[in-house]
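S.K.: fold the following, please.
(4 chains)
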Protein chains: 4
Amino acid sequence: MNDEVPDEGDFDADRPRGEFDHVTPEDFIRGSGHGNPPGWLDPADINRARSQMPIAYVEIVPVRADEFGRIAQVGSLLRVTEDGSVERALISGRVLFHETLREAIARNVAKDLGDIALPILPLNLQPFTVAEFFPTPGLSEYFDPRQHAIALCYVVPIAGDCRPQDETLDVEWVDPHSDMLDKFLSQMSNGHDRIVRRALAWANA
Amino acid sequence: MNDEVPDEGDFDADRPRGEFDHVTPEDFIRGSGHGNPPGWLDPADINRARSQMPIAYVEIVPVRADEFGRIAQVGSLLRVTEDGSVERALISGRVLFHETLREAIARNVAKDLGDIALPILPLNLQPFTVAEFFPTPGLSEYFDPRQHAIALCYVVPIAGDCRPQDETLDVEWVDPHSDMLDKFLSQMSNGHDRIVRRALAWANA
Amino acid sequence: MNDEVPDEGDFDADRPRGEFDHVTPEDFIRGSGHGNPPGWLDPADINRARSQMPIAYVEIVPVRADEFGRIAQVGSLLRVTEDGSVERALISGRVLFHETLREAIARNVAKDLGDIALPILPLNLQPFTVAEFFPTPGLSEYFDPRQHAIALCYVVPIAGDCRPQDETLDVEWVDPHSDMLDKFLSQMSNGHDRIVRRALAWANA
Amino acid sequence: MNDEVPDEGDFDADRPRGEFDHVTPEDFIRGSGHGNPPGWLDPADINRARSQMPIAYVEIVPVRADEFGRIAQVGSLLRVTEDGSVERALISGRVLFHETLREAIARNVAKDLGDIALPILPLNLQPFTVAEFFPTPGLSEYFDPRQHAIALCYVVPIAGDCRPQDETLDVEWVDPHSDMLDKFLSQMSNGHDRIVRRALAWANA
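M.R.: As a prediction, the model looks like this:
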């Protein structure tokens, strides 16, 4: 999962209740006036929350589907981590205050794949799996040193073009029936490989 | 469900095992050389089967979805029945011998909505509900005087244009939040209204 | 949803990382040494979190099932609210820090139905629906003035005896095919009636 | 899948429509007066159907679950096949004419595990996967030389005692986290191993 802290400095913590009355889905996806989406938290607030509560996440497996709805390719991101190394990851991010799950999915896809990716969002918000990340190693099959996260996982077909941006270097696709799949999965950390395998099992691929 | 008998006269019941080795998805969707898809049965065979076994069906709720994956419109067909009256119905049809579920969905959508409907087939073949039709009234919530049918039900977004054909007169769309929904549903028979309501509940609409 | 604030006074906010290493599921369900489960928050912390982040909830529809897995009865709680009135509600509660979803479901069932309810927890953690509650009326179909909550909703058969406790006055059961269902649902607020209807649609009841 | 032909000799093909009006679930599960359940077919009829239509099946992965709903053990059958060899298999069988899916699941569990197995049938009939078996090798991931079968697959916890009977020699259980799992799965044929893996992925086990 992405560490959102670096980008969370602009949030106005003092805004009154009711401010969200006029927030649009656009504001979440492209950011409101001052650059960050509504609901963004400053580092002190997000860190305190992370030590106190489970954090709601969406985790997205991008795919290319053929005309019969079969998964032809699975996508993954190559990202620069905070320590400068490169990792392979899925699309993921926190659900923000006052943001719907559909907005969170669309915002996180746009953040990593750009504005013309044309994601086909799911009709139904039942996740194909719920991944529970804990900060204690070995407690569950998913580990996240920063937090206890509850990640609702979705498969999202991408119909358009991908334009990776910010810390995402590239988007790479692999045929789930090819030998390359195992190699890609072995490069994923934090249980993202397991999430991909469950997505493929769910989709009969 | 459609009565397929009128179109099932061309099937060659004597063809040997192995004939299906070279059948393509195209053959199921557009028909093979002699006009009917492979797996089609003549009236005597389909009628005997209907008195002996449950028949596997797919039932499709066509929808228009917005960019967030929310159902904006639900579609239904206006069809001429065998007795000349007009009924409102979903897309449905039998799964043919040697046909995959994905092919059966694509074929039945193309049959009723035409070749440029651009259906977005589901990634996952878990039906949102399984409708069990029995020929005995009152036994279950779904009744079909012709047969015991097990219908796997899917919601399929339609991205293209609809060109109704054959006995389908028209395709009509209704906003699921409008007052028209109840009227449309009241015109559906055989439990199709119930299937639409379950589709909307499943999609949180 | 229950307001947890009144019971959240004992939490030791200063405990160090690693404390959860020896927490057992029992601690979540029956409370650890000092009475509250680990992960409980004091009023200031829970209130701040509620103004900053979506809160993860589980929401449980208790049912009695027959030997064929069909829902024979749907349960609801009669509860005293903070203003002294009585409301009809489902079982619901926040997922605590470091608690698994399965522990949260078991803990909340035990809290409202007692220790010998013998709930049959789901094999699969896919919720039948995800209910998104917002503090802004009209924004979504679910409204909660206190918070933005993301509630994962499950149907849980109860095989044992119910012993309501604390602020729960009684547990009442209704046959989903009886006329009483509509009356019960009309007494539910905050969209709990809608959650029950979706549970019944999901279960074909 | 079991070959049902050897037991299908008693069926009275001439019985009139309406006979099913008084059939009870008990008749399907324990057989009606003459020994076979209603809907049973003689070899000629079942063989003809198998060459003409997809056959509806249920396929059941029996499990032992712990109090949190986690799979503690996966069951499999040791069966004598027609050629006298022993195979490891899941519980599976055809859905009979006029039989509900719930009756088919209960009947097939009772057939293989006996009358006091106390299966906990699913609340919801959405299968965790739909396995499509074709008689042409290589066409899909599931092969059945006898037929095209559409198998709705369910995980069913067993709460009672198993008494294998007829051609089932034994029921063996394996911890899904143990090294024995791979050995068990390698002994399964016809894709049953794949169905078990999907069941475990679905249940997060």
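
S.K.: what's the pLDDT at residue A:21?
M.R.: Looking at residue A:21, its pLDDT is 62.

S.K.: ok, residue A:137 next?
M.R.: 87.

S.K.: what's it in contact with, if anything?
M.R.: The contact partners of residue A:137, by C-beta atoms under 8 Å, 6 or more residues apart in numbering or on different chains, come to residue A:143. Glycine gets a C-beta too; all of them are placed from N, C-alpha and C.

S.K.: any idea how far it lies from residue A:150?
M.R.: Distance of residue A:137 to residue A:150, computed by C-beta to C-beta, to the nearest Å: 18 Å.

S.K.: next one: residue A:59
M.R.: 10 Å.

S.K.: between the two, who's got more neighbours?
M.R.: residue A:59 (27 against 23; other C-beta atoms under 10 Å in any protein chain shown).

S.K.: packing partners for the helix or strand encompassing the more buried one?
M.R.: If you go by DSSP states H and E, residue A:59 is part of strand A:55-65. On a contact count with 3 or more C-beta pairs under 8 Å, 6 or more residues apart in numbering or on different chains; DSSP states H and E, strand A:55-65 meets strand A:71-80, strand A:91-94, helix A:101-113, strand A:149-157, helix A:192-202.

S.K.: so does the worst-scoring helix or strand of chain A on mean pLDDT get close to chain C?
M.R.: None of the helices or strands of chain A scores lower by mean pLDDT, DSSP states H and E than helix A:25-30, at a mean of 71. No - in terms of C-beta under 8 Å from any C-beta of the partner chain, no part of helix A:25-30 sits within range of chain C; the closest distance is 11.3 Å.

S.K.: buried ones in that helix?
M.R.: Neighbour-count burial for helix A:25-30 flags A:27-29 (criterion: 16 or more other C-beta atoms under 10 Å in any protein chain shown).

S.K.: can you list contacts of that helix?
M.R.: Helix A:25-30 is contacted by residues A:37-39, A:96, A:99-100, A:102-104, A:106-107, A:110, B:68 when judged by C-beta under 8 Å, 6+ apart.

S.K.: any part of stretch A:106-113 near chain C?
M.R.: No - using C-beta under 8 Å from any C-beta, stretch A:106-113 stays clear of chain C, with a minimum separation of 13.8 Å.

S.K.: can you give the contact residues for that stretch?
M.R.: The contact list for stretch A:106-113, computed with C-beta under 8 Å, 6+ apart, reads A:25, A:28-30, A:37, A:58, A:60, A:62, A:77, A:91-93, A:99, A:117, A:119, A:121, A:156, A:158, A:162-166, A:168, A:171, B:67-68.

S.K.: so how far is chain D from residue A:27?
M.R.: Applying C-beta to the nearest C-beta, to the nearest Å, the value for residue A:27 to chain D is 35 Å.

S.K.: same check on residue A:199?
M.R.: Taking C-beta to the nearest C-beta, one finds residue A:199 at 9 Å from chain D.

S.K.: pretty sure that residue is touching residue A:61, no?
M.R.: Yes - with contact defined as C-beta atoms under 8 Å, residue A:199 counts as touching residue A:61 (4.4 Å).

S.K.: where do the contact lists of these two overlap?
M.R.: By C-beta under 8 Å, 6+ apart, residue A:199 and residue A:61 have these common neighbours: A:74, A:153, A:155.

S.K.: surely residue A:175 touches residue A:70?
M.R.: No - Residue A:175 lies out of contact with residue A:70 (C-beta under 8 Å); the separation is 11.2 Å.

S.K.: now the angle from the strand holding residue A:59 to strand C:149-157?
M.R.: Interaxial angle of strand A:55-65 relative to strand C:149-157 (axes from the mean of the first three to the mean of the last three C-alpha atoms, to 10 degrees): 80 degrees.

S.K.: what residues of strand A:55-65 count as buried?
M.R.: Neighbour count says strand A:55-65 has A:55-63, A:65 buried, by 16+ other C-beta under 10 Å.

S.K.: same question for stretch A:125-143.
M.R.: Per 16+ other C-beta under 10 Å, stretch A:125-143 contains these buried residues: A:125-136, A:139, A:142.

S.K.: lowest-confidence one in those residues?
M.R.: Lowest pLDDT among those: residue A:139, 81.

S.K.: for that one, which three-state class applies?
M.R.: coil (DSSP: H, G, I helix; E, B strand; the rest coil).

S.K.: got it, and residue A:131?
M.R.: strand.

S.K.: from residue A:139, how far off is the residue lying closest to residue A:99 once chain neighbours are set aside?
M.R.: Nearest non-adjacent residue to residue A:99, counting by C-beta to C-beta, 6 or more residues apart in numbering or on different chains: residue A:28, 5.0 Å away. To residue A:139, residue A:28 is 32 Å away according to C-beta to C-beta.

S.K.: quick one: name the residues of chain A near chain C.
M.R.: A:17-18, A:20-21, A:41, A:45, A:49, A:51-56, A:95-101, A:125-130, A:132, A:134-136, A:139-140, A:148, A:150, A:152.

S.K.: put the buried members of the contacts of stretch A:106-113 into a PyMOL selection.
M.R.: Of these, the buried ones can be selected in PyMOL as follows, counting by 16+ other C-beta under 10 Å:
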select buried, (chain A and resi 28+29+37+58+60+62+77+91+92+93+99+117+119+121+156+158+162+164+168+171) or (chain B and resi 68)
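
S.K.: re earlier: what's the overlap in contacts for residue A:59 and residue A:150?
M.R.: residue A:131.

S.K.: distance of residue A:107 from chain D?
M.R.: From residue A:107 to chain D the distance is 27 Å (C-beta to the nearest C-beta).
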